[in-house]
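Enquirer: 3D model of this:
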Amino acid sequence: MRTEKIPATVITGFLGAGKTTLIRNLLLNADGRRIALIINEFGDLGVDGEVLKGCGIESCADDDVIELTNGCICCTVADDFIPTMTALLDRPQAPDHIVIETSGLALPQPLVQAFNWPGITERVTVDGVVTVVDAAAVAAGQFAHDPAAVDAQRAADPSLDHESPLEELFEDQLCAADLVVLNKVETLDAAALDAVKHAVDHATKAPHVAAPHGNLPPDVLLGLGAATETLIASRKSHHEREHEDGEPHDHDDFHSFVVDAPAIAAPEAFVAALKTVIADHTILRLKGFIDVPGKPMRLVVQGVGQRLNSGFDRLWQPGERATRLVVIAEHDIDEAAVRAAITTAATSGAATPETAPA
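Expert: Residues are numbered from 1 along each chain as shown. This next block holds a predicted model:
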């Protein structure tokens, strides 16, 4: 019987920061470690989990990738995470390390606090919370940590009289971190990278490390030995501070829905049209799978803001071939308009009956 606690690494970060890429690179260099993954997908379509299951890495067996798809993990700790963790620990062969990828919308604090629950705390410890930051987005001014700059924006625009929930979430993820990974730094010059580091330092005392293209040696990410569950009470989120003040927390700041579409005969044109839909409707995140007639592999599309990437990752499995996209936006998005726009884009590039696969 195993007597030492199993280390768990919580990998958090905003939408499109590169968490899945970081994990995939970690698995490619696992050096024999048995790593189990818990993936928290926001929405009804488990894109991140499917990408990792299709990675073709020997140490990444399907049953080692566990998906939690019932919503933001910070709201489903008792219902989803604790039973999942217990079942994982009760396996005949326990993993050497557990990696948890949170949804881009999750608060890390409630998840880490769950490691203090009876039945969990005796068997697992949080080796560290790793927060992945999209350095290019921060450099472009996506998030403001400088109070003076925020005040200047408020003075110029009355609509900025209160803090954006996105800014709060970004700060909460940094506040919980034991290590901050600055991803996508390859696009920045030295001055821009220094500005990103300065912004990050406003929200956390955790050290940061640059990771071009999401590449870091496993020994940088694993083995931090932080026991973060014993420290997290001092790293309060905005939610926790508001709750202490008796103010309600609105979990409806974000809205997620799935759009089904036909097979797409002209994927490049469809992806280009999706960029227009994203811009017109201020979509935060769009991801999913595209069925391209005549292609045996599925086309994965993932985007944050105007950055939209696509590529074939693996063969379709029986019964799963379909075009399905997850849309994540703020709660006041016009869902009907977005659905109509994506449907129009898909219809214009859809497969004809003659070209559609059987």
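Enquirer: Quick one: residues contacting Ile283.
Expert: By CB atoms under 8 Å, 6 or more residues apart in numbering, Ile283 lies in contact with Val277, Val327, Ile328, Ala329, Ile333, Val338. In this view, the C-beta of every residue, glycine as well, is placed from N, C-alpha and C.
Enquirer: Just the ones in strands from these, please.
Expert: Val327, Ile328, Ala329 (DSSP state E).
Enquirer: wait, doesn't the second one sit right on Leu284?
Expert: Yes. Here Ile328 lies in contact with Leu284, judged by CB atoms under 8 Å, at a distance of 5.3 Å.
Enquirer: Could you pull out the strands in this structure for me?
Expert: Under DSSP E, the chain gives strands at 6-13, 35-40, 65-68, 97-101, 124-134, 179-183, 208-211, 254-261, 285-290, 297-304, 307-315, 323-330.
Enquirer: Just put those in CSV and tack on mean pLDDT and mean neighbour count.
Expert: Converted to CSV, those look like this (pLDDT from 0 to 100; neighbours: other CB atoms under 10 Å):
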stretch, mean pLDDT, mean neighbour count
strand 6-13, 92, 24
strand 35-40, 82, 24
strand 65-68, 51, 22
strand 97-101, 90, 25
strand 124-134, 93, 26
strand 179-183, 94, 24
strand 208-211, 92, 18
strand 254-261, 82, 18
strand 285-290, 84, 24
strand 297-304, 82, 20
strand 307-315, 82, 14
strand 323-330, 83, 21
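Enquirer: Let me have those in TSV, extended by distance to Leu88.
Expert: Output for the strands of the chain, formatted as TSV (distance: least, CB to CB, whole Å):
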stretch	distance to Leu88
strand 6-13	9
strand 35-40	6
strand 65-68	7
strand 97-101	7
strand 124-134	9
strand 179-183	23
strand 208-211	27
strand 254-261	26
strand 285-290	25
strand 297-304	26
strand 307-315	24
strand 323-330	25
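Enquirer: Which among the ones you listed is found nearest to Pro108?
Expert: Proximity to Pro108, assessed across these by CB to CB, is greatest for strand 6-13 (4.8 Å).
Enquirer: Show me what the residue nearest to Ile342 when sequence neighbours are not counted is bridged to.
Expert: Nearest non-adjacent residue to Ile342, counting by CB to CB, 6 or more residues apart in numbering: Val259, 4.9 Å away. Judged by DSSP bridges, the bridge partners of Val259 are Leu325.
Enquirer: Just to check, Val259 is in contact with Glu335?
Expert: No. Val259 is not in contact with Glu335 according to CB under 8 Å; the separation is 9.3 Å.
Enquirer: so what sits against both of those two?
Expert: Val327.
Enquirer: and the residue nearest to Cys175 when sequence neighbours are not counted, what is it in contact with?
Expert: Excluding its sequence neighbours, the residue lying closest to Cys175 (CB to CB, 6+ apart) is Arg235, at 5.1 Å. With contacts defined as CB under 8 Å, 6+ apart, the neighbours of Arg235 are Gln109, Cys175, Ala176.
Enquirer: Can you find the helix or strand of this structure with the lowest average pLDDT?
Expert: helix 147-156 (a mean of 37; mean pLDDT, DSSP states H and E).
Enquirer: so Gly288 makes contact with Val326?
Expert: Yes. Using CB under 8 Å, Gly288 is in contact with Val326, at 5.3 Å.
Enquirer: which residues of the stretch 201-350 of the chain fall in helices?
Expert: 218-221, 238-244, 267-281, 335-348 (DSSP state H, counting those that start in this stretch).
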